[in-house]
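Colleague: Below is the structure, and that's it, no one-letter string:
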Ligand code: GRG
């Protein structure tokens, strides 16, 4: 299947399931559920669900069996975007082509919509069926580890504390590993785990997710310089204006592109343990994300 078609088809499945999983916007308290749905259904790329479902397929499971785990990842990801956009964090006005959550609902509701999405993500994941190797407590522990103080939230703290000073490459990589790679690693690992993957397959997915996640963030940094709000659906040029540490700022645009290519190659190599048929979609996603323009 063509990669763009796969992305479109998967996003449609994920959105239909998210619609069924989340309380509708008339459920009390209606403002909160409206705010949660406003950001979830604002048209994200749904890359983490896609990675989760294709990792399950690579391990011999079905994409559909991984659909709820995939939705849990997207729900959690949406919380991070809402909170990241808050005035006390990145202070952004535009996200997914719409005014940010706090611009529409106010800061209090935006904080709580993020909190409720974070909580709901674990509720969804806890109901995913177990198998001979993993049960729901393993899934919950996995997501908690990748998104807690040692990884995603920790990465955001390193980012906040790094503001206003020149970071080393090691420091920048620690921020990226926490803020971006950790959730992408959780996506592929949870896909594999929900399909009852072997330890060897899980190691391969972990390495793939780590390198793809770093490459994804480098491309994100590059697009912040080269793209437009109309294309990305979020503000651009802020990293430069605020002198934020990014790959292009630290090592230059050409070296940043070369690093993204090199990480894409190592992510590809990590999938060698899978047969050609099983890994084809994960390889196609990896290549597509390197060349993406939004
Ligand atoms: C508790 C305040 C608080 C923070 C929690 C918010 C947070 C920790 C961390 C921020 C994580 C973050 C926003 C990282 C950036 C990762 C990234 C590149 C996001 C954009 O992902 P895409 O391009 O977005 O997949 P779409 O909109 O397509 O889903």
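Modeller: Happy to help now that I have it. Only a predicted model underlies this, so the values are computations on that prediction, with no experimental measurement involved. Numbers count the residues shown, from 1 in each chain.

Colleague: doesn't residue 158 make contact with residue 178?
Modeller: Yes: between residue 178 and residue 158 there is a contact under C-beta atoms under 8 Å: 6.5 Å. C-betas here are computed from N, CA, C, even on glycine.

Colleague: Between these two, point out the one with more neighbours.
Modeller: Using other C-beta atoms under 10 Å, the more surrounded residue of residue 178 and residue 158 is residue 178, with 23 against 17.

Colleague: residues in contact with that one?
Modeller: By C-beta atoms under 8 Å, 6 or more residues apart in numbering, the contact list for residue 178 reads 151, 152, 153, 154, 155, 156, 158.

Colleague: which ones are touching the last one?
Modeller: When you say that, I think you mean residue 158. 171, 174, 175, 178.

Colleague: Name the helix or strand for it, please.
Modeller: Here residue 158 sits within helix 152-162, counting by DSSP states H and E.

Colleague: would you list the contacts of residue 158 in CSV and tack on secondary structure, distance to the ligand and pLDDT?
Modeller: CSV is the format used below for the contacts of residue 158 (DSSP: H, G, I helix; E, B strand; the rest coil; distance: C-beta to the nearest ligand atom, whole Å; pLDDT from 0 to 100):
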residue, secondary structure, distance to the ligand, pLDDT
171, helix, 16, 98
174, helix, 14, 98
175, helix, 9, 98
178, helix, 8, 98
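
Colleague: Make a markdown table out of the residues you listed and add distance to residue 51.
Modeller: Output for the contacts of residue 158, formatted as a markdown table (distance: C-beta to C-beta, whole Å):
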| residue | distance to residue 51 |
| --- | --- |
| 171 | 26 |
| 174 | 22 |
| 175 | 21 |
| 178 | 18 |
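
Colleague: Tell me how many other residues surround residue 168.
Modeller: 11.

Colleague: Same question for the longest helix along the chain: list its buried residues.
Modeller: Criterion DSSP state H: the longest helix present in the chain is helix 199-226. Across helix 199-226, burial judged by 16 or more other C-beta atoms under 10 Å covers 201-202, 204-224.

Colleague: do it and the ligand meet at all?
Modeller: Yes: using C-beta under 6 Å from any ligand atom, helix 199-226 reaches the ligand at 217, 220.

Colleague: The closest residue to residue 283 other than its chain neighbours: how many residues sit nearby?
Modeller: Spatially, and ignoring its direct neighbours in sequence, residue 283 is nearest to residue 268 (6.0 Å; C-beta to C-beta, 6 or more residues apart in numbering). Neighbour count of residue 268, defined by other C-beta under 10 Å: 18.

Colleague: Quick check: which element contains residue 268?
Modeller: Assigned by DSSP H and E, residue 268 belongs to helix 253-270.
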